[in-house]
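Asks: have a look at this prediction, sequence included:
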Amino acid sequence: MDFTKDELSLIGIYNAGSRKETIAALIEIQQYLEDDEADLRELTDNAVNKLEKISDEQFELLDLIPDFDE
């Protein structure tokens, strides 16, 4: 599964230690998003959808530390 840099950054910020807990955290934050934050809602939706399609083992292999040099 290919994640965008933005998706990986978002997942890294809300990483709760496991794939399932991170999905729950991302879903939870959506309730706080305002109407004008449609881009962030879409990004969160995309990240959750992709996380639901990978295994826990694949989640553990994700590089969630941003590379600020790029």
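Replies: Looks like it arrived, so ask away.
Asks: only C-alpha atoms for contact and neighbour calcs from this point on.
Replies: Noted.
Asks: what about the residue nearest the centre of the chain, helix or strand, and which?
Replies: Geometric centre of the chain, nearest residue: residue 11, 3.1 Å, by CA atoms, centre = their mean. Using DSSP states H and E, residue 11 falls within helix 5-13.
Asks: buried ones in that helix, by neighbour count?
Replies: Buried residues in helix 5-13, counted by 16 or more other CA atoms under 10 Å: 7, 8, 9, 10, 11, 12.
Asks: one more: stretch 37-56?
Replies: By neighbour count on 16+ other CA under 10 Å, the buried set for stretch 37-56 is 40, 41, 44, 45, 47, 48, 51.
Asks: so which of those residues sit within strands?
Replies: Judged by DSSP state E, the subset of the buried residues of stretch 37-56 located in strands is empty.
Asks: pLDDT and distance to residue 25 for those residues - can I get that in a markdown table?
Replies: Below are the buried residues of stretch 37-56 laid out as a markdown table (pLDDT from 0 to 100; distance: CA to CA, whole Å):
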| residue | pLDDT | distance to residue 25 |
| --- | --- | --- |
| 40 | 96 | 14 |
| 41 | 97 | 13 |
| 44 | 98 | 10 |
| 45 | 97 | 12 |
| 47 | 98 | 12 |
| 48 | 98 | 10 |
| 51 | 98 | 12 |
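Asks: residue 20: how many residues sit nearby?
Replies: When neighbours are defined as other CA atoms under 10 Å, residue 20 has 17 of them.
Asks: oh, and call the first residue 39 from now on, that's how I've got it
Replies: In the new numbering, first residue 39, that becomes residue 58.
Asks: mind checking pLDDT for residue 107?
Replies: According to the prediction, residue 107 has pLDDT 62.
Asks: what's the closest of the buried residues of helix 43-51 to residue 73?
Replies: residue 48 (18.9 Å; CA to CA).
Asks: OK, contacts around that closest one?
Replies: 82, 85 (CA atoms under 8 Å, 6 or more residues apart in numbering).
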